[in-house]
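S.K.: generate a structure from the sequence data that follows.
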Amino acid sequence: MQVQHKVDGSVHTVLVLVVLLGGLILSSCGSQQAPPQPIIPEVRTVTVEAERIVLTTELPGRTSAYFVAEIRPQVNGIIQKRLFDEGSDVKAGEVLYQIDPASYQAAYNNAVAALARSEANLPPVRLKAERFRELIAVKAISQQDFDNADAALRQAEADIESAKATVESAKINLGYTRITAPISGRIGKSNVTVGALATAYQGAALATIQQIDPIYVDAAQSSANLLELKRNAAAGRIKGDRPDRARVKLLLEDGTPYPLEGTLKFSEVTVDPSTGSFILRMVFPNPKHVLLPGMYVRAVVQEGEVDKAILVPQQGVSRDPKGNPVALIIDGSDKVEQRALKVDRVIGDKWLVTEGLKPGDRVIMEGVQKVRPGAPVKVVPFDAGRKNTPEAVKTGQPAVKAH
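M.R.: All right, here's what the predicted structure looks like:
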């Protein structure tokens, strides 16, 4: 029995030693394994390129007639006829209304008769004055008689001139009974009917004519935008001395483009203190009368050209906690760098960047949520035409429309 106990004890001791030795071997093998390599995130980038662009500004505006003429009578009388169709086009000089001319015709006839009477009295007075001039030369008559005859001649001539003026005045008043169009254009509704009393130079217009070909467009421009434009032009970023800078395009109120281009006529010299803006006036041809006075439109005004503009898709520009625009770019060692930007405006689906980027910079479009400044990344070119790719869905950013 004692021998059996010794054998069992030896076996147990050997087993314990084997287990301990195996644990040491495994521990030694585990300590020699290399640590796992870090995963380098993949990002998609676009390379910034300089390009030439034309800067435009959309301004809200209203159309207004090129010429407006309010028709008012210049003599008193009863409207006898209306000689136009409401809403039709009329020509300058066309008769619109006829005022009863009877009394004015009579006044004209009376003035003509008075002129004829004055002209009939002139010959005997002239002959008498001529005879007296001969007699005074030989002292056959007194100086007083000659002066009276000469004065009578001058008075007869003055009476004729007065009668001629009266005839002319009566003729003008008679002509005013025919109320004509002072300009060519489209006439609106008539505010009077046949039989109504017209008063000379009355406050209410009989009708209104508007010339709408061409037509004005008045748009409001911010004075702050004008100052920025001048600064950019002075710095050489904008070339605004081209003759085509005055060309203007138009968008109708339903968003469709107007087919004809207009020209910029002038800008108001005073800024409205209540709105901080001034008025730009443009002229557009309107042969088909598509544009009517009072319509809301948007004028697309060319400001100038930028020869080396930096455009970056909006997807690649974010905001820092203070709201300033920033972008993540890839430096020469394929590491992430954050750049503060200064942007001017949106052009299509891109930002116009004025400071912070230069041609050749690689801007991260996708994968920004997986990286941080200073971290190495794997760079893959960005495909603007991709839609709903796993990477785009993961980053929560839609694919940018390609241009």
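S.K.: residue 282 against residue 260, yeah?
M.R.: No: applying Cβ atoms under 8 Å as the test, residue 282 and residue 260 come out as separate, 11.7 Å apart. For every residue, glycine as well, the C-beta is placed using N, CA and C.
S.K.: compare these two (neighbour count), which wins?
M.R.: residue 282 (27 against 15; other Cβ atoms under 10 Å).
S.K.: pLDDT weak spots in the protein?
M.R.: Residues of the chain meeting the criterion pLDDT under 70: 1-37, 228-246, 384-403.
S.K.: next, the buried residues of the strand ranked longest in it.
M.R.: The residue-count maximum for a strand in the chain (DSSP state E) belongs to strand 50-71. By neighbour count with 16 or more other Cβ atoms under 10 Å, strand 50-71 contains the buried residues 53, 55-57, 59, 61, 63-66, 69, 71.
S.K.: could you dump those to TSV with distance to residue 42?
M.R.: What follows is the buried residues of strand 50-71, written out as TSV (distance: Cβ to Cβ, whole Å):
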residue	distance to residue 42
53	32
55	36
56	38
57	40
59	44
61	49
63	54
64	58
65	62
66	62
69	72
71	76
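S.K.: quick one: buried residues of whichever helix or strand residue 266 is part of?
M.R.: Residue 266 is part of strand 262-267, with elements assigned from DSSP states H and E. In terms of neighbour count (16+ other Cβ under 10 Å), strand 262-267 has its buried residues at 262, 264.
S.K.: for it, packing partners?
M.R.: Counting contacts by 3 or more Cβ pairs under 8 Å, 6 or more residues apart in numbering; DSSP states H and E, strand 262-267 packs against strand 207-222, strand 247-251, strand 277-284.
S.K.: again, only this time at 6 Å
M.R.: Contacts defined by 3 or more Cβ pairs under 6 Å, 6 or more residues apart in numbering; DSSP states H and E place strand 262-267 against strand 277-284.
S.K.: host element of the closest residue to residue 352 other than its chain neighbours?
M.R.: Of all residues not flanking residue 352 in the chain, residue 344 sits nearest, at 4.4 Å (Cβ to Cβ, 6 or more residues apart in numbering). Assigning secondary structure by DSSP H and E places residue 344 in strand 342-347.
S.K.: run the chain-centre distance for the strand or helix carrying residue 148.
M.R.: Assigned by DSSP H and E, residue 148 belongs to helix 143-176. Centroid separation for helix 143-176 versus its chain: 60 Å, with Cα atoms, centre = their mean, to the nearest Å.
S.K.: any buried residues in that helix, and which?
M.R.: Quick answer for helix 143-176 (16+ other Cβ under 10 Å): 146, 149-150, 152-153, 156, 159-160, 163-164, 166-167, 170, 173-174, 176.
S.K.: over to stretch 320-333?
M.R.: Across stretch 320-333, burial judged by 16+ other Cβ under 10 Å covers 325, 327-330.
S.K.: and which of those residues is nearest residue 378?
M.R.: Distance to residue 378, by Cβ to Cβ, is smallest for residue 330 among the buried residues of stretch 320-333, at 10.0 Å.
S.K.: if I look at the closest one, how far off is residue 309?
M.R.: From residue 330 across to residue 309, the span is 22 Å (Cβ to Cβ, to the nearest Å).
S.K.: report the central residue of the chain.
M.R.: residue 299 (3.1 Å; Cα atoms, centre = their mean).
S.K.: OK, contacts around it?
M.R.: Taking Cβ atoms under 6 Å, 6 or more residues apart in numbering as the contact definition, residue 299 lies against 59, 61, 217, 219, 248, 250.
S.K.: CA atoms only for stretch 108-128, dumped as CSV, please.
M.R.: Extracted C-alpha coordinates of stretch 108-128, given in CSV (Å, rounded to 0.1, in the frame of the first residue of the first chain):
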residue,chain,number,x,y,z
TYR,A,108,-62.8,130.2,-86.1
ASN,A,109,-65.1,131.5,-88.8
ASN,A,110,-65.6,134.7,-86.9
ALA,A,111,-61.9,135.2,-86.5
VAL,A,112,-61.4,134.6,-90.3
ALA,A,113,-64.1,137.2,-91.0
ALA,A,114,-62.5,139.7,-88.7
LEU,A,115,-59.1,139.2,-90.4
ALA,A,116,-60.7,139.8,-93.8
ARG,A,117,-62.3,143.0,-92.5
SER,A,118,-59.0,144.2,-91.2
GLU,A,119,-57.3,143.4,-94.5
ALA,A,120,-60.0,145.2,-96.5
ASN,A,121,-59.4,148.4,-94.4
LEU,A,122,-55.7,148.4,-95.1
PRO,A,123,-55.5,149.5,-98.8
PRO,A,124,-57.2,153.0,-98.5
VAL,A,125,-55.3,153.8,-95.3
ARG,A,126,-52.0,152.9,-97.0
LEU,A,127,-52.8,155.0,-100.1
LYS,A,128,-53.7,158.0,-97.9
